[in-house]
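Engineer: output the structure for:
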Amino acid sequence: MEDSNAVIWTRNLDVYQKNVKILSDVNLEIAQGDFVYLIGKTGTGKSSLLRTFYADIPVVSGQASVAGYDLARLRTRDIPYLRRKLGIVFQDFQLLTDRSVYDNLSFVLGATDWKNKDEMDYRIRQVLELVGLEAKARKMPYQLSGGEQQRIAIARALLNRPEIILADEPTGNLDPDTSEEIMKLLVDISKAGCAVLVATHDFLMITKYPSHILVCEDGQVRHEQL
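Structural biologist: Numbering: from 1, shown residues only. Predicted coordinates:
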């Protein structure tokens, strides 16, 4: 029986990319409120591991559970329900450029079966306040700085009250000061009870906000503590 507080756990997990084994025998556990870094050189499997966790890469060997879903037995039709329990943040923001901040967030709620307009409006205002951008709701993405766009991406990830945020190089396109703002925001989110897993090359941020580290290297994932 796994720890009931574990949002993600794996046992002897192998990660494959196009039939090539990228990672072997991955054993890890991430609990509610944990803040964990995932580091390693380009090509060592960081993004593949994250993609496995949000079911973009299937589990074919070993065990993995994310937000209560057994990934080895996950049915295709259940993938959207798994992803509603996750918040995913990318390096390049992936905002819809043809609509406002508010409409970006409204689109996600509509796509995840929110129906009540007042409840949707309230939740959008809530997440914008959490990331400090409630005044930017009617702005278009191109009117925002990179840091603001990433904050909106984090707000989007928070909409469905996820159990964990998976952030893939969230500061990769940002200057050092803005990177620190984004990392502090993610740390604060973890302190509020949502687990956060951050794949990053930003070692300055790791030293400023030390926490548990998973290292992808030589086809393995090892644990470190800074």
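Engineer: okay but residue 140 is in contact with residue 100, surely?
Structural biologist: Yes: with contact defined as Cβ atoms under 8 Å, residue 140 and residue 100 form a contacting pair (5.8 Å). C-betas here are computed from N, CA, C, even on glycine.
Engineer: domain-wise, how is the protein divided?
Structural biologist: Listed by automatic domain parsing, the domain ranges of the chain are 1-85+165-226, 94-161.
Engineer: can you lay out those domains as a markdown table showing mean pLDDT?
Structural biologist: Output for the domains of the chain, formatted as a markdown table (pLDDT from 0 to 100):
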| stretch | mean pLDDT |
| --- | --- |
| domain 1-85+165-226 | 93 |
| domain 94-161 | 95 |
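Engineer: pipe those into CSV and attach mean neighbour count per row.
Structural biologist: Shown next, in CSV, are the domains of the chain (neighbours: other Cβ atoms under 10 Å):
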stretch, mean neighbour count
domain 1-85+165-226, 17
domain 94-161, 17
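Engineer: center of the protein, which residue is that?
Structural biologist: Central residue of the chain (Cα atoms, centre = their mean): residue 166, 1.6 Å from the mean position.
Engineer: what about it, which helix or strand?
Structural biologist: strand 164-168 (DSSP states H and E).
Engineer: with residue 95 instead?
Structural biologist: Under the criterion of DSSP H and E, residue 95 resides outside all helices and strands.
Engineer: related to what we said a few turns ago, elements contacting the strand holding residue 166?
Structural biologist: helix 46-53, strand 86-90, helix 146-158, helix 176-191, strand 195-199 (3 or more Cβ pairs under 8 Å, 6 or more residues apart in numbering; DSSP states H and E).
Engineer: could you give the angle of it to strand 195-199?
Structural biologist: Per axes from the mean of the first three to the mean of the last three Cα atoms, to 10 degrees, the angle that strand 164-168 makes with strand 195-199 is 10 degrees.
Engineer: circling back to that earlier point, switch the helices and strands packed on strand 164-168 over to a markdown table; also include distance to residue 206.
Structural biologist: As requested, the helices and strands packed on strand 164-168 are exported to a markdown table (distance: least, Cβ to Cβ, whole Å):
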| stretch | distance to residue 206 |
| --- | --- |
| helix 46-53 | 14 |
| strand 86-90 | 17 |
| helix 146-158 | 18 |
| helix 176-191 | 9 |
| strand 195-199 | 9 |
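Engineer: figure out which of the ones you listed is closest to residue 34.
Structural biologist: Residue 34 sits nearest to strand 195-199 of all the helices and strands packed on strand 164-168, at 4.8 Å, using Cβ to Cβ.
Engineer: who touches that closest one?
Structural biologist: 7-8, 30-39, 46-47, 49-50, 53, 163-170, 183, 186-187, 189-190 (Cβ atoms under 8 Å, 6 or more residues apart in numbering).
Engineer: mind listing the helices for the protein?
Structural biologist: Ranges of helices in the chain, per DSSP state H, are 46-53, 79-84, 101-111, 117-130, 146-158, 176-191, 203-208.
Engineer: can you tell me which of those helices is nearest to residue 72?
Structural biologist: It is, among the helices of the chain and with distance given as Cβ to Cβ, helix 46-53, at 10.7 Å.
Engineer: tabulate the CA atom coordinates of that closest one in CSV.
Structural biologist: Output of helix 46-53 as CSV, limited to C-alpha atoms (Å, rounded to 0.1, in the frame of the first residue of the first chain):
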residue,chain,number,x,y,z
LYS,A,46,13.6,14.9,-17.9
SER,A,47,10.8,15.9,-20.3
SER,A,48,10.1,12.2,-21.1
LEU,A,49,9.5,11.6,-17.4
LEU,A,50,7.2,14.5,-17.2
ARG,A,51,5.3,13.4,-20.3
THR,A,52,4.9,10.0,-18.7
PHE,A,53,3.3,11.6,-15.7
